[in-house]
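> what's the 3D shape of this:
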Amino acid sequence: MTQPPPAHDARLSIGDLADQTGVSPATLRMWEQRHGFPVPQRLESGHRRYLETDVDAVRRVLESRDAGTRLDVAIEQAVRAVQAEAEPRTPSVWAELRRRHPYLDAHRLTKSTLLALSWAIEDEFAARADRAHLFGLFQVQRNFERAEHRWDELTRVAASTYVFADFDDVPDLSTSSIRRPVRVPLAVDAPMRREWAVVVDSVDLPIALTAWELPGQEDVPNREKIFESAWTVEPAAVRDAARVCARVAADAGAPGAPATLYHLADEPGPGMADLRSVTTLFNRVVAYVDRAPRSHA
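Prediction:
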């Protein structure tokens, strides 16, 4: 477990914590001894002191336990939730992956190559009909409109689909009988407005392609613009990218985003994409890159 904050921030006695949660001091001491939770600060006198966040964490444990979760599992989930809330939220897929997974190789690619990579990922996802969580960063609305038909098709086989750009607002999809990607508007100063990303959080072939448009390219032709780019099939890295997208969508009030964020709360399994899946994806990439120079901007 992570180290607790400095003692001067911890003001609640064990009696205070017991009063606010309904858990007796004896039980709290037993949890600490057996499960290392909750973690108190110790005064020079030896007395325990707790944070307000410990109150929320204990209440989470009680709710999970009452719902039938084993105590040790409920405690682990509560600790993970508190840690996630304490981490700074980075509204940037690129920055989050570079911060949490600095070993990922980065390459400078043209927009034309990024398009080929994105199409290959989208096609492979559609071919698998995987009920995954799908996210796309398009920067501006006209970029999405060029790909809208493809993403309508992808949404049919996805568990959830969110697209991000300079949209005016979040549309009301409650009356529509057709599943469409949920549009998430990005503010003018949002870091994600300068990013390109396709994130597929799935069990079979998790993949995240993320890129950041280098500044100072106002006079560069659209297809020749350069992006600092990285991609990965590591489940943990893909899950981190998906969480950033889901948080931004939830903060924007996008329909279903809180539920999607809940589904992404757990850590993914340790499995990696199998060699055949990666080979198939690579072959699609090669085919698209080969055709890219003959495509129209």
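> what secondary structure does residue 230 sit in?
Three-state assignment for residue 230 (DSSP: H, G, I helix; E, B strand; the rest coil): strand.
> Secondary structure element holding the residue at minimal distance from the centre of the chain?
Centroid check for the chain by C-alpha atoms, centre = their mean gives residue 243 as the closest residue, at 1.4 Å. Under the criterion of DSSP states H and E, residue 243 resides in helix 235-251.
> on that earlier part again, how near is the residue nearest to the centre of the chain to residue 28?
31 Å (C-beta to C-beta, to the nearest Å). C-beta: built from backbone N, CA, C; applies to glycine.
> Same question for residue 20.
Residue 20 is 11 Å from residue 28, by C-beta to C-beta.
> same deal with residue 191?
41 Å.
> which of those two has more neighbours?
residue 28 (22 against 16; other C-beta atoms under 10 Å).
> May I have the secondary structure class of the more buried one?
Classified using three-state DSSP, residue 28 is helix.
> Just list the residues touching it, thanks.
14, 17, 18, 38, 58 (C-beta atoms under 8 Å, 6 or more residues apart in numbering).
> Could you do residue 22 as well?
So residue 22 contacts residue 62 (C-beta under 8 Å, 6+ apart).
> what's the pLDDT at it?
Reported pLDDT at residue 22 in the predicted model: 95.
> for residue 268, same thing?
Taking residue 268 on its own, its pLDDT is 84.
> can you tell me the helix or strand for it?
Using DSSP H and E, residue 268 falls within no helix or strand.
> Does residue 78 touch residue 62 like I think?
No - if you go by C-beta atoms under 8 Å, residue 78 and residue 62 don't touch, sitting 9.3 Å apart.
> For those two, indicate the residue with more neighbours.
The neighbour comparison of residue 78 against residue 62 (other C-beta under 10 Å) goes to residue 78, with 23 against 15.
> Tell me how far the more buried one lies from residue 265.
12 Å.
> cool, and residue 191?
For residue 191, the distance to residue 265 - C-beta to C-beta - is 23 Å.
> before we move on, what about residue 223?
39 Å.
> and what of residue 182?
Distance from residue 182 to residue 265, by C-beta to C-beta: 19 Å.
> So which of these two has more stuff around it?
When residue 182 and residue 265 are compared on other C-beta under 10 Å, the one with more neighbours turns out to be residue 182, at 22 against 13.
> And residue 57, what's its pLDDT?
What the model reports as pLDDT for residue 57 is 90.
> actually residue 262, sorry about that
89.
> Could you verify that it is part of a helix?
Yes - per three-state DSSP, residue 262 lies within a helix segment.
> burial of it, as a residue count?
11.
> got JSON lines for the contacts of residue 28, with distance to residue 101 and secondary structure too?
Output for the contacts of residue 28, formatted as JSON lines (distance: C-beta to C-beta, whole Å; DSSP: H, G, I helix; E, B strand; the rest coil):
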{"residue": "14", "distance to residue 101": "39", "secondary structure": "helix"}
{"residue": "17", "distance to residue 101": "36", "secondary structure": "helix"}
{"residue": "18", "distance to residue 101": "41", "secondary structure": "helix"}
{"residue": "38", "distance to residue 101": "30", "secondary structure": "coil"}
{"residue": "58", "distance to residue 101": "32", "secondary structure": "helix"}
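> May I see those residues organised as CSV, with neighbour count and distance to residue 145 added?
Shown next, in CSV, are these (neighbours: other C-beta atoms under 10 Å; distance: C-beta to C-beta, whole Å):
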residue, neighbour count, distance to residue 145
14, 20, 59
17, 22, 54
18, 18, 58
38, 27, 51
58, 24, 49
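> contacting residues for residue 15?
residue 25.
> no, scratch that, I was asking about residue 195
92, 93, 94, 137, 139, 210, 211, 212, 213.
> so where's the stretch 151-297 of the chain shaky on pLDDT?
170-178, 270-278, 281, 289-297 (pLDDT under 70).
> now do the stretch 1-150 of the chain
1-10, 83-90, 129.
> mind listing the strands for it?
For the stretch 1-150 of the chain, the strands defined by DSSP state E, counting those that start in this stretch cover 41-42, 48-49, 107-110, 133-137.
> Strand partners (parallel or antiparallel) of the third one?
Looking at strand 107-110 with DSSP bridges, its paired strands and their directions are strand 226-232 (antiparallel).
> mind checking how far residue 208 is from residue 75?
From residue 208 to residue 75 the distance is 30 Å (C-beta to C-beta).
> which of the two has more neighbours?
Higher neighbour count among residue 208 and residue 75: residue 208, with 28 against 24, using other C-beta under 10 Å.
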